[in-house]
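Chemist: can you look at this prediction? I've put the sequence above it.
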Amino acid sequence: MRKEFWKNIPLNKLTKKEWESLCDGCGKCCLNKFQKTKKSLPIYTSIACKFLNIKKCTCTVYKNRKKKRSDCLILSAENLEKMARWLPQSCSYRLIFENKELPNWHHLLNDKYKNVHNTNNSVRNFAINENYIDFSDFLLSFKKKI
Ligand code: SF4
Ligand code: SF4
């Protein structure tokens with residue numbers, strides 16, 4: 001990967017590896033979210049997609065994720081402008097889109113992939129698999145502003 005590519009190269013010119021490496025592995029985008037109205041910003045819950053490995057914060061069906069889950073949000077340089085508002089404020093793609101710095105715990109800055117968990121910036125310690133949720137309790141569940 002090219003040196004500090006996230007600072008110097010437009011997102012639509014990144015290699016696939018560079019693009020994928022931007023992801024901090026927080027798992028936040030795999031939490032269920034809802035809107036009060038069509039125009040309102042999403043409210044995140046602590047209820048994770050059933051395909052998220054919560055301990056690792058990785059997708060267990062990554063290559064087939066769109067087939068397995070039709071509402072899975074697949075980011076690209078082309079759709080980022082449209083999707084950014086749906087992403088957590090800490091999401092690396094959103095930060096770069098908004099011309100902000102990556103956080104100092106990001107693995108691209110220090111090569112420590114566990115930092116996202118060790119600094120409590122992933123969903124590892126609070127997410128709940130949706131398979132264990134009664135969705136009639138959905139609105140009563142924890143709402144976390146992220
Ligand atoms: S919220 Fe952004 S940085 Fe976090 S896992 Fe999703 S795509 Fe990656
Ligand atoms: S299918 Fe995978 S990437 Fe998509 S929301 Fe579920 S866990 Fe996340």
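Modeler: Happy to help now that I have it. Everything numeric in this text was worked out from a predicted model, so none of it was measured. Residues are numbered from 1 along each chain as shown. Ligands and ions are numbered 1, 2, ... in the order given.
Chemist: centroid residue for this protein?
Modeler: Note on the chain: the residue nearest the mean C-alpha position is Cys29, at 3.3 Å, using CA atoms, centre = their mean.
Chemist: which phi and psi does that residue have?
Modeler: Torsion angles at Cys29 (phi, psi; degrees, to the nearest 10) stand at phi -70, psi -10.
Chemist: with Asn115 instead?
Modeler: phi -50, psi -40.
Chemist: list the residues that contact the closest residue in space to it that isn't next to it in sequence.
Modeler: Leaving aside its sequence neighbours, Asn115 sits nearest to Trp105 (CB to CB, 6 or more residues apart in numbering; 4.2 Å). C-betas here are computed from N, CA, C, even on glycine. Contact criterion CB atoms under 8 Å, 6 or more residues apart in numbering gives Lys112, Asn115, Val116, Asn118, Thr119, Asn121 as the residues in contact with Trp105.
Chemist: need the pLDDT of Trp105.
Modeler: On pLDDT, Trp105 comes in at 96.
Chemist: cool, Arg85 as well?
Modeler: pLDDT, Arg85: 89.
Chemist: likewise Gly27?
Modeler: At Gly27, the pLDDT recorded in the model is 98.
Chemist: now swap in Ser40 and tell me
Modeler: So Ser40 comes in at 85 (pLDDT).
Chemist: all good on my end, thank you.
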